[in-house]
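Asks: here is my input, please return the structure:
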Amino acid sequence: MPLPTHLPAPRRLPAAQIPALRWGIFGPGWIAERFVQSLLQHSHQRIVAVGSRTRHHAQAFADNFGIPRAHGGGISALVNDPNVDVVYIATPHNHHFPAALAAINAGKHVLVEKPLALNAQQVQGLAEAAAAKKVLCMEAFWSDFLPKFDVLRQVLADGMLGEVHTLLADHGEFFTPDHRIMDASLAGGPLLDLGTYPVALATKTLGAPTQILAMGEPAPAGVNGQASMLFRHPGGAQSVLNTTLFSQTSNRALIAGSEATLTLPDCFYAPGPFTLTTHDRRQTLHWEEECNRYQQLHHEAEHFAWCVGEGLLQSPVRPLSDTLLTMATLDEVRRQLGIVFNEEKA
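Replies: You can find the predicted model right below:
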């Protein structure tokens with residue numbers, strides 16, 4: 001089947017349908033800085049408060065970005081701030097669940113940096129709590145909200161690849177021993193960080209694995225250092241995935257079907273190009289965009305605000321069922337590799 005003459009355009013939310021929510025930031029670190037910068041530069045969302053364990057850190061962050069209020073002492077003051085509509089949680093992984101639960105119980109909508117929680121049981125707990133409180137809880141899995149990935153989803157839905165048989169994805173970076181990803185007390189290791197990208201791509205594209213085979217290697221710091229995974233999906237499709245914190249790897253992904261192959265080069269999960277090529281190489285379509293990475297974090301916030309404005313309790317792009325599937329898959333990988341986080345130990 002020949003390819004169309006051009007790729008579909010990314011679908012944009014009408015600006016008039018995106019309310020300007022009042023955001024509170026919990027966890028004023030590296031990713032929160034980039035999130036706030038993107039919202040301030042590219043959206044109408046309002047950052048009204050920041051919270052941290054110490055008032056000093058919260059105030060420094062507030063001063064840097066002109067945020068009106070700073071709260072110390074943990075999550076409580078922030079979630080009880082009557083001027084906050086939604087809480088964005090950007091703490092280390094093992095603090096996501098208790099912070100998100102506190103926000104939900106306070107009646108706040110909550111956007112949580114990936115991973116939403118440490119395991120599927122915690123994800124289910126947040127889903128049930130959010131449903132009971134009738135608030136929106138969503139994982140800030142930024143890839144899913146990029147224009148690039150909206151085009152990719154349309155390519156797959158339109159059947160341009162034909163029947164997909166193979167998915168390959170890799171995400172590896174080098175980290176020094178003092179990085180938080182090396183810290184077992186912070187649920188370190190690559191799986192909940194780098195590894196979520198290839199696993200989420202595989203499960204969203206091909207569905208829940210019917211069989212999982214995993215192999216890993218520990219790091220001297222006492223965390224998992226790398227993991228390789230082979231998944232079988234419904235219909236016999238297979239995905240081969242790798243993640244490591246020992247080395248900088250290709251960070252590429254490939255989705256191959258019976259009609260064409262889609263190739264996502266370096267940093268496949270981030271803004272950037274991809275190529276769609278028929279097997280006879282007579283037709284090639286390119287998606288081109290600036291590799292401006294975290295400048296595009298505003299897409300997830302605007303989608304979240306749109307969901308709130310529409311009264312939705314689940315994102316149609318990243319529903320909690322997607323997050324639960326990714327996490328349940330990672331749970332099985334960790335089971336096979338013997339990885340247990342401190343919070344899971346009896």
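
Asks: quick one: the nearest residue to Thr249 once chain neighbours are set aside from Gly236, how far?
Replies: Once flanking residues are discounted, Thr249 sits nearest to Gly172: 3.2 Å by Cβ to Cβ, 6 or more residues apart in numbering. Every C-beta, even on glycine, is put in place using the N, C-alpha and C of the backbone. According to Cβ to Cβ, to the nearest Å, Gly172 stands 28 Å off from Gly236.

Asks: looking at those two, which is more packed in?
Replies: Ranked by neighbour count (other Cβ atoms under 10 Å), Gly172 and Gly236 place Gly172 first, with 18 against 9.

Asks: the more buried one contacts Asp193, doesn't it?
Replies: No - applying Cβ atoms under 8 Å as the test, Gly172 and Asp193 come out as separate, 11.4 Å apart.

Asks: who touches the helix ranked longest in the chain?
Replies: Longest helix in the chain by number of residues (criterion: DSSP state H): helix 320-337. Residues outside helix 320-337 that contact it (Cβ atoms under 8 Å, 6 or more residues apart in numbering) are 115-117, 119-120, 123-124, 126-127, 130, 137-139, 141, 144, 191-192, 195-196, 199-200, 203-204, 208-209, 212-216, 224, 227, 229, 231, 314, 340.

Asks: next: stretch 247-267.
Replies: For stretch 247-267, using Cβ under 8 Å, 6+ apart, the contacting residues are 1, 3, 152, 155-156, 159-174, 198, 201, 205, 242, 268-269, 272-279, 283, 291, 293.

Asks: what segments of the stretch 151-300 of the chain are helices?
Replies: For the stretch 151-300 of the chain, applying DSSP state H, counting those that start in this stretch gives helices covering 196-206, 298-309.

Asks: looking at those helices, which is nearest to Tyr88?
Replies: helix 298-309 (7.8 Å; Cβ to Cβ).

Asks: dump the C-alpha coordinates for that closest one into PDB.
Replies: Backbone C-alpha positions of helix 298-309 (Å, rounded to 0.1, in the frame of the first residue of the first chain) are rendered in PDB as follows:
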ATOM      1  CA  HIS A 298       3.700  23.100  28.400                       C
ATOM      2  CA  HIS A 299       1.800  20.700  26.200                       C
ATOM      3  CA  GLU A 300       1.100  18.300  29.100                       C
ATOM      4  CA  ALA A 301       0.000  21.200  31.300                       C
ATOM      5  CA  GLU A 302      -2.400  22.600  28.700                       C
ATOM      6  CA  HIS A 303      -3.900  19.200  28.000                       C
ATOM      7  CA  PHE A 304      -4.400  18.800  31.800                       C
ATOM      8  CA  ALA A 305      -6.000  22.200  32.000                       C
ATOM      9  CA  TRP A 306      -8.300  21.300  29.100                       C
ATOM     10  CA  CYS A 307      -9.300  18.100  30.800                       C
ATOM     11  CA  VAL A 308     -10.200  20.000  34.000                       C
ATOM     12  CA  GLY A 309     -12.200  22.600  31.900                       C
END
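
Asks: which parts of it are buried?
Replies: His298, His299, Glu300, Ala301, Glu302, His303, Phe304, Ala305, Trp306, Cys307, Val308 (16 or more other Cβ atoms under 10 Å).

Asks: next one: it to chain centre, how far?
Replies: 15 Å (Cα atoms, centre = their mean, to the nearest Å).

Asks: in terms of secondary structure, what does it contact?
Replies: Contacts defined by 3 or more Cβ pairs under 8 Å, 6 or more residues apart in numbering; DSSP states H and E place helix 298-309 against helix 30-42, strand 86-89, strand 109-113, strand 137-140.

Asks: pLDDT on the very next helix or strand once past the longest one, on average?
Replies: Beyond helix 30-42 on the C-terminal side, the first helix or strand identified by DSSP states H and E is strand 46-51. This predicted structure assigns strand 46-51 an average pLDDT of 98.

Asks: so for the residue nearest the centre of the chain, what's the pLDDT?
Replies: Compute the mean C-alpha point of the chain, and by Cα atoms, centre = their mean the closest residue is Phe141, 2.0 Å away. Note on Phe141: pLDDT of 98.

Asks: would you mind measuring from it to Leu111?
Replies: 10 Å.

Asks: now swap in Thr176 and tell me
Replies: Taken as Cβ to Cβ, the span from Thr176 to Leu111 is 30 Å.

Asks: compare these two (neighbour count), which wins?
Replies: Leu111 (26 against 8).

Asks: just the ones of the contacts of stretch 247-267 in strands?
Replies: Of the positions in the contacts of stretch 247-267, 164-172, 242, 274-278 sit in strands, assigned by DSSP state E.

Asks: mind giving me the domain ranges of the protein?
Replies: 17-140, 144-344 (automatic domain parsing).

Asks: tell me which of those domains lies nearest to Pro8.
Replies: The nearest among the domains of the chain, by Cβ to Cβ, is domain 144-344 at 4.2 Å.

Asks: which of the contacts of stretch 247-267 are buried?
Replies: Looks like the contacts of stretch 247-267 have 3, 152, 155-156, 160-161, 164-165, 167-173, 198, 201, 205, 242, 268-269, 272, 274, 276-278 buried, using 16+ other Cβ under 10 Å.

Asks: this completes my enquiry, with thanks.
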